[in-house]
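Peer 1: give me the fold of what follows.
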Amino acid sequence: MNDIVKTLLIFTTAIFAIILLLTDQPNSRHTMAQATPTPPVTEDDEPIRIETELVNILLTAQDSNRRFITNLSKEDIKVFEDGEEQEIFTFSRQTDLPLSIAIIVDTSFSQFSVIDEEKEVAKTFIESVVRPNKDEVAVISFSGEIMLEQELTSNLIRLRRAIDSLKISRPSPMVTFPTTPPISSGSSRLSGSTALWDAIWVASEEVLSRTPERIRRVIIVLTDGRDTSSRKNLNEAIEAALIHDITIYSIGIGDDFYGGVEKSGLNKLSNSTGGRSFFPRDELQLRQAFAEIETEIRSQYLIAYQPKNQKRDGSFRRIQIKLVNPQLAKQNIRLIYREGYFAKGNKTDKK
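Peer 2: Purely as a prediction, here's the structure:
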């Protein structure tokens, strides 16, 4: 009897041990499969986001005979911002960037004797430059009023039609404006004054500023350089172009009877934005000016750097590019680029 009881106790104990083992194993596997709990994210653990801005500069290099230098390398130059050397992030030749060009034509009465030549040469230029579905051109005319003759398009038929439609504004009493003249799509024309700087400002702020970032923005202005009625001044026109990375090419042309060409403002306009100014005396020289502009906008270098000064204070930063290759320095190479840029502003910055 005792043997039977002992046997039953042993058997019962064994069964109980097996049951415990079977019920414990799933729990063990479940525990092993669990990932280590992720500690809660505290404010100090949040990722740090740093906003950086690259500054892009288009550089043209010419020798003493105005031939384009196309073999520069990153090591040949140094870039300075407000006197401090910057690390170059990108240096490459840019021959294939899409173009957005605003052709601005002075239609005040002082252009009466040259307007037909300007129209013919401008049409030849766009037919040579514009690549369908890649490049765009807008046509703007101005006297006392700014007219958008054709918005940005690559349609050559529309562009030719817009240029052909340009007409000289007849003289009338001086007209003044309480504010910057807006682009007008109407047919009325106010004449007797010339709002050159307003036209540059409007082309920059209302036409070219709306194009994508990776676009080469260019203004070509044909005028005698005289401004009589703008509400914006020359410096404000330059600032608008610099803010939107626009290069301005000035073609100073006019009738000597009306005082010829005022060169100083056009030179400053172009030099400040990395362009050039031309002062043709006949149709042949006018065609040469357009040909040089076409070659130049296809023969430039793109330089990009991250400025060491990361303040978002809206201040003007002056750019300087120096040749450091001794052999190239001996060749009297001219470097053409914009004089600087305006940093982005931030209302939260402390000054």
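Peer 1: ok, now which ones touch residue 243?
Peer 2: Residue 243 makes contact with 204, 209, 341-342, according to C-beta atoms under 8 Å, 6 or more residues apart in numbering. (Glycine included, C-beta is placed from N, CA and C.)
Peer 1: show me which of these is closest to residue 238.
Peer 2: Using C-beta to C-beta, residue 204 comes nearest to residue 238 of the contacts of residue 243, at 9.4 Å.
Peer 1: picking that back up, now the contacts of residue 243: which count as buried?
Peer 2: 204, 209, 341 (16 or more other C-beta atoms under 10 Å).
Peer 1: tell me the pLDDT at residue 170?
Peer 2: Note on residue 170: pLDDT of 70.
Peer 1: quick revisit: return the member of the contacts of residue 243 nearest to residue 277.
Peer 2: residue 204 (17.3 Å).
Peer 1: what helix or strand is the spatially closest residue to the closest one that is not a sequence neighbour located in?
Peer 2: Leaving aside its sequence neighbours, residue 204 sits nearest to residue 240 (C-beta to C-beta, 6 or more residues apart in numbering; 3.9 Å). Following DSSP states H and E, one finds residue 240 within helix 234-243.
Peer 1: hang on, residue 145 packs against residue 195?
Peer 2: Yes - the pair residue 145 / residue 195 is scored as a contact, 7.4 Å apart, by C-beta atoms under 8 Å.
Peer 1: higher neighbour count, those two?
Peer 2: Shown here are residue 145 and residue 195; by other C-beta atoms under 10 Å, residue 195 has more neighbours (27 against 24).
Peer 1: what pLDDT does that one get?
Peer 2: Note for residue 195: predicted pLDDT of 93.
Peer 1: show me where the stretch 1-150 of the chain has its strands.
Peer 2: 55-62, 77-81, 84-86, 88-94, 99-106, 136-142, 146-153 (DSSP state E, counting those that start in this stretch).
Peer 1: what comes into contact with the fourth one?
Peer 2: The contact list for strand 88-94, computed with C-beta under 8 Å, 6+ apart, reads 54, 58, 70, 73-74, 77, 79, 216, 299-306.
Peer 1: check contacts around the residue positioned nearest the centre of the chain.
Peer 2: By C-alpha atoms, centre = their mean, the chain has its centre lying nearest to residue 245, at 3.3 Å. Applying C-beta under 8 Å, 6+ apart to residue 245 gives the contacts 56, 217, 341.
Peer 1: my guess is residue 163 contacts residue 123, does it?
Peer 2: Yes - using C-beta under 8 Å as the test, residue 163 is close enough to residue 123 to be in contact (5.4 Å).
Peer 1: beta-bridge partners for residue 345, please?
Peer 2: Residues in a beta bridge with residue 345, per DSSP bridges, are residue 313.
Peer 1: count the neighbours of it for me.
Peer 2: Neighbours of residue 345 (other C-beta under 10 Å): 11.
Peer 1: return the closest of the contacts of residue 245 with respect to residue 329.
Peer 2: Lowest distance from residue 329 to the contacts of residue 245 (C-beta to C-beta) belongs to residue 56, with 24.8 Å.
Peer 1: so what pLDDT did the closest one get?
Peer 2: Note on residue 56: pLDDT of 92.
Peer 1: got it, and residue 203?
Peer 2: 97.
Peer 1: for the residue nearest to it when sequence neighbours are not counted, give its distance to residue 253.
Peer 2: With C-beta to C-beta, 6+ apart as the criterion, residue 203 has its nearest non-adjacent residue at 4.3 Å, and that residue is residue 102. Counting by C-beta to C-beta, to the nearest Å, the gap from residue 102 to residue 253 is 18 Å.
Peer 1: give me the pLDDT value at residue 248.
Peer 2: We have a pLDDT of 97 for residue 248.
Peer 1: same thing with residue 144?
Peer 2: Listed pLDDT for residue 144 reads 85.
Peer 1: quick one, helices of the chain?
Peer 2: Taking DSSP state H, the helices of the chain run over residues 2-33, 115-129, 156-164, 196-202, 234-243, 263-273, 283-297, 326-329.
Peer 1: and for the nearest residue to residue 300 once chain neighbours are set aside, the neighbour number?
Peer 2: Beyond its immediate neighbours in the sequence, the residue positioned closest to residue 300 (C-beta to C-beta, 6+ apart) is residue 58, lying 4.8 Å away. Using other C-beta under 10 Å, residue 58 is surrounded by 23 other residues.
Peer 1: please renumber so the chain begins at 55
Peer 2: With 55 as the first residue, the last one maps to residue 112.
Peer 1: is it true that residue 112 touches residue 271?
Peer 2: No - counting by C-beta under 8 Å, residue 112 sits too far from residue 271 to count as a contact (9.8 Å).
Peer 1: where in this protein is pLDDT low?
Peer 2: Within the chain, the segments meeting pLDDT under 70 span 55-106, 225-246, 310-313, 400-405.
Peer 1: that one - how does it break down into domains?
Peer 2: For the chain, automatic domain parsing gives the domain ranges 109-148+355-396, 153-351.
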